[in-house]
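Enquirer: I would like the atomic coordinates for the input below:
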Amino acid sequence: MASSVQEISISESRLKEIRDISNDWALSNGITMKVSPEENHVMCVPYSLFPSPVPSQILKLAKSTMTDFSRLMHKVAMDHEFLTLCLKNVIQVDPFIHELWKIYLQVREAGIKQTNVLKNEDIKRGVRQGCVLSPDLFSLYSEIIMRNLENHPGIKVGGQNINNLRYADDTVLIAENKEDLQKLLNIVEEESRKKGLELNSKKTEVMVISRKQESPKCDIFINKVKLKQTEKFKYLGTIISNNGKTNREISARNAQAKINFQKMKTILTNKHISMETRKRALQCYIEPVLMYGCEAWTISKQIQNKLEATEM
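Expert: Numbers count the residues shown, from 1 in each chain. Predicted structure coming up:
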């Protein structure tokens, strides 16, 4: 039977406009950006827009835990008190994002009222799966959670304390020892649970960055579940190794560039296509794959020879 209740909707063009403005705002001076307290300090550390690849110095003598929230983009906890708190915090930073939250809360409240007219149950999702607002709402949501880590120890980079790296739902917690790392994870787990989210222990791993030939053991737990310790993991497309070296990443880049070259071989080796066009195709489709993240590489003579051989 067709429902007589009107759905509250915003046009796709309006949603895109809101998202574009939100992203521009966040990239420039959003609440995801924490500015150094030192007046003349040139380094700003984005909490959820940290650039890729991760600088090598961040990895030195640090222990990293990748955290992956379960159902991140689909479930927004329906905690009115918490959402109201978000609204109060956001208005102190930017009026536009405050208005965005007001739209979200109005739609949520109207949705609950309409649902209760039909049958006595609460809605379980804040936005539809695939909604263009979902990533922006989640970024605001996770920022509130991660602010609980601000005064806890991590590692020092340029005089700035860093204990987490975030891009969308890809999160790395960083500490100098096992005890501090466990505390960070406990805080994130507890605050996430309060907000209706949970950490997925099956998708969360621990890695120890060490110069030792055999990586030290590091037992970290989520809800008494011991996390898997790994020798490498991929973060934002870059392979991070437990020895802090970039050999694995460079080898992977090398192999992927060769695969891409083979896919385009008929074009790149076609003598009927001008050399200039083929050079542009190479620079556009092959070189970015090979050189992605090269700013953070540690180049030895052996690696240099390998890259030159690939280029030939």
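Enquirer: how much space between residue 274 and residue 312?
Expert: For residue 274, the distance to residue 312 equals 21 Å [C-beta to C-beta, to the nearest Å]. No exception for glycine: its C-beta is placed from N, CA and C like everyone else's.
Enquirer: For those two, indicate the residue with more neighbours.
Expert: residue 274 (10 against 5; other C-beta atoms under 10 Å).
Enquirer: Quick check: closest non-adjacent residue to residue 234.
Expert: With C-beta to C-beta, 6 or more residues apart in numbering as the criterion, residue 234 has its nearest non-adjacent residue at 7.4 Å, and that residue is residue 240.
Enquirer: The helix or strand the one you found falls within pairs with which strands, parallel or anti?
Expert: Using DSSP states H and E, residue 240 sits in strand 238-241. If you go by DSSP bridges, strand 238-241 pairs up with strand 232-235 (antiparallel).
Enquirer: And the strand it pairs with, what's buried?
Expert: 233, 235 (16 or more other C-beta atoms under 10 Å).
Enquirer: What average pLDDT does it get?
Expert: For strand 232-235, mean pLDDT is 88.
Enquirer: continuing past the strand holding residue 240, what's the next helix or strand?
Expert: helix 247-263.
Enquirer: Residues in contact with that following helix: which ones?
Expert: 232, 238-241, 268, 285-287, 289-293, 297, 303, 306-307, 310 (C-beta atoms under 8 Å, 6 or more residues apart in numbering).
Enquirer: go with 7 Å
Expert: 232, 238-239, 241, 268, 285-286, 289-290, 292-293, 297, 303, 306, 310 (C-beta atoms under 7 Å, 6 or more residues apart in numbering).
Enquirer: which of those has the most neighbours?
Expert: residue 286 leads the contacts of helix 247-263 on contacts (other C-beta under 10 Å) with 21 neighbours.
Enquirer: For that one, which residues are in contact?
Expert: Residue 286 neighbours (C-beta under 7 Å, 6+ apart): 257, 260, 261.
Enquirer: okay, now the second one: neighbour count?
Expert: Pointing back at residue 260 there. Other residues near residue 260 number 18, with proximity taken as other C-beta under 10 Å.
Enquirer: now the first one
Expert: Neighbours of residue 257 under the rule other C-beta under 10 Å: 21.
Enquirer: what about it, distance to residue 152?
Expert: 40 Å.
Enquirer: next one: the second one
Expert: Here the criterion is C-beta to C-beta. By it, residue 260 lies 42 Å from residue 152.
Enquirer: Tell me where the chain has strands.
Expert: 33-35, 44-46, 63-67, 155-157, 160-162, 164-167, 170-175, 205-208, 221-222, 225-226, 228-229, 232-235, 238-241 (DSSP state E).
Enquirer: ok so, going back, wait, isn't the residue nearest to residue 234 in contact with residue 246?
Expert: No. The pair residue 240 / residue 246 is not scored as a contact, 9.1 Å apart, by C-beta atoms under 7 Å.
Enquirer: hang on, the earlier thing: comparing the strands of the chain, which yields the minimum mean pLDDT?
Expert: If the strands of the chain are sorted by mean pLDDT, strand 44-46 sits at the bottom with a mean of 35.
Enquirer: Where does the prediction get shaky in this structure?
Expert: The chain contains residues with pLDDT under 70 at 1-12, 14-134.
Enquirer: Any idea how many residues pack against the residue nearest to residue 234?
Expert: Counted with other C-beta under 10 Å, residue 240 comes out at 25.
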